[in-house]
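>>> Just to be clear, the model below is a prediction. Sequence and coordinates:
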Amino acid sequence: MRFLEHRVGDKRIIRLIQKWLRAGILEDGVVTVDDRGTGQGSVISPLLGNIYLHYVLDLWAKRWRQRGATGDMVIVRYADDVVVGFEHEGDARRFLDAMRARLEEFMLSLHPDKTRLIEFGRFAAVNRKRRGLGKPETFDFLGFTFICGKSRRGNFLLQRKTRRDRMRTKLQEIKLELRRRMHSPIPEQGRWLRQVVTGHFGYFAVPTNGRALNAFRFYITDLWRRTLRRRSQRSWPNMGSHNKAHRSLAPQTADPSSLATIALRRHAPEVGAECGNSARSDLCGGRSVMGVPTANVV
């Protein structure tokens, strides 16, 4: 609550949040009240978690970079998912140790399966090949798999593609929904599928992800074809109809290449934001207030 009081000066809002935290969770008709953290899936959980991590991660990481890093350091955080990049391996190991110690002060811990220290970047492939190791490891972040790749000219290229498990789950959901809509008019099914594909492209249409996007649209068309065959117990009329249906699922937005160009212009924000107009100035910049991250460390 001290972090909230630092950001929120209205005591009525503070009391309302306190009541929200004490309300408990209703599961299977049973109310469970826990005085630790916020309820999983609660509406206010992302907001409170973001405020908490602003102090526990953002401000602390910015100060650590200024005082403890000997080389370049980059950090990207979205909610409780974090990726940190270092120029020197020694900085990465020291930051990881400091992060674990800081999290213990806030009764938090890193996820053992998601927290990894890997060699990744422009020179990772060359260095690993010199030591007789395989290709650099990949990591997942925000629905993408990040890969150390090469361009057509042989230069380093950061490749991003849709996570396989996410695509597989999405296709399974679409398959079940198509079964439910099986007897709806075909034009209505086509409009719904086009909206699904457009939304998918709106997020995943980034450079180097063209194959995954085309594969997604192909599998959607195939699922639609199988559903219609099951409904009418007849084969697809002809190959021309199949191709026409495939083209009809093209997203109504700009083509993926233009969307990718726009995505390239997005810049990650600076590590942590300064605290201006704080409700409690005694907490701003205090050494016990600065905190540490959670999630992937690269």
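Received the coordinates, thanks. In this text, all values refer to a predicted model and were calculated from it rather than measured experimentally.
>>> from here on, contacts and neighbour counts on C-alpha atoms
Fine.
>>> in the stretch 101-250 of the chain, which spans are helices?
124-130, 164-180, 186-204, 210-232, 239-248 (DSSP state H, counting those that start in this stretch).
>>> closest to A92 out of these?
Of all the helices of the stretch 101-250 of the chain, helix 124-130 sits nearest to A92, with 14.9 Å by Cα to Cα.
>>> Residues contacting that closest one, please?
Residues from elsewhere that reach helix 124-130 (Cα atoms under 8 Å, 6 or more residues apart in numbering): G134, K135, P136, C148.
>>> tally of neighbours for L193?
The number of residues packed near L193 is 22, by other Cα atoms under 10 Å.
>>> From I220, how far out is the spatially closest residue to G149 that is not a sequence neighbour?
Of all residues not flanking G149 in the chain, L157 sits nearest, at 4.9 Å (Cα to Cα, 6 or more residues apart in numbering). Distance, L157 to I220, by Cα to Cα, to the nearest Å: 29 Å.
>>> When those two are compared, which one has more neighbours?
Of the pair L157 and I220, I220 is the one with more neighbours under other Cα under 10 Å, namely 22 against 15.
>>> which non-adjacent residue is nearest the more buried one?
L171 (7.3 Å).
>>> From what I see, the one you found and D222 are in contact.
No. Counting by Cα atoms under 8 Å, L171 stays clear of D222, with 10.8 Å between them.
>>> on that earlier part again, how confident was the prediction at the residue nearest to G149?
L157 carries a pLDDT value of 91.
>>> mind listing what it touches?
Per Cα under 8 Å, 6+ apart, neighbours of L157: R122, C148, G149, K150, S151.
>>> Reformat those residues as CSV; add distance to R191.
Listed next are the contacts of L157 as CSV, based on distance: Cα to Cα, whole Å:
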residue, distance to R191
R122, 43
C148, 37
G149, 37
K150, 38
S151, 37
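>>> Are any of the residues you listed buried, and if so which?
Among the contacts of L157, those classed as buried by 16 or more other Cα atoms under 10 Å are C148, G149.
>>> between the contacts of L157, which is nearest N50?
Ranked by distance to N50 (Cα to Cα), those are led by C148 at 30.1 Å.
>>> Just the ones in strands from the contacts of L157, please.
Taking DSSP state E as the definition of strands, the contacts of L157 contribute C148, G149, K150.
>>> which stretches of the chain aren't confidently modelled?
24, 26-27, 31-42, 233-298 (pLDDT under 70).
>>> Show me the strands in it, by range?
Shown for the chain, the strands assigned by DSSP E span residues 25-27, 30-32, 73-78, 81-86, 139-141, 144-150, 156-162.
>>> I'd like these laid out as JSON lines, including distance to K19.
Compiled in JSON lines, the strands of the chain are given as follows (distance: least, Cα to Cα, whole Å):
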{"stretch": "strand 25-27", "distance to K19": "13"}
{"stretch": "strand 30-32", "distance to K19": "14"}
{"stretch": "strand 73-78", "distance to K19": "27"}
{"stretch": "strand 81-86", "distance to K19": "28"}
{"stretch": "strand 139-141", "distance to K19": "34"}
{"stretch": "strand 144-150", "distance to K19": "38"}
{"stretch": "strand 156-162", "distance to K19": "40"}
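>>> Quick one, which of the ones you listed gets closest to N209.
When the strands of the chain are compared (using Cα to Cα), the closest one is strand 156-162, at 4.7 Å.
>>> In that closest one, which residues are buried?
Those would be F156, L158, Q159, R160, K161, T162, for strand 156-162 by 16+ other Cα under 10 Å.
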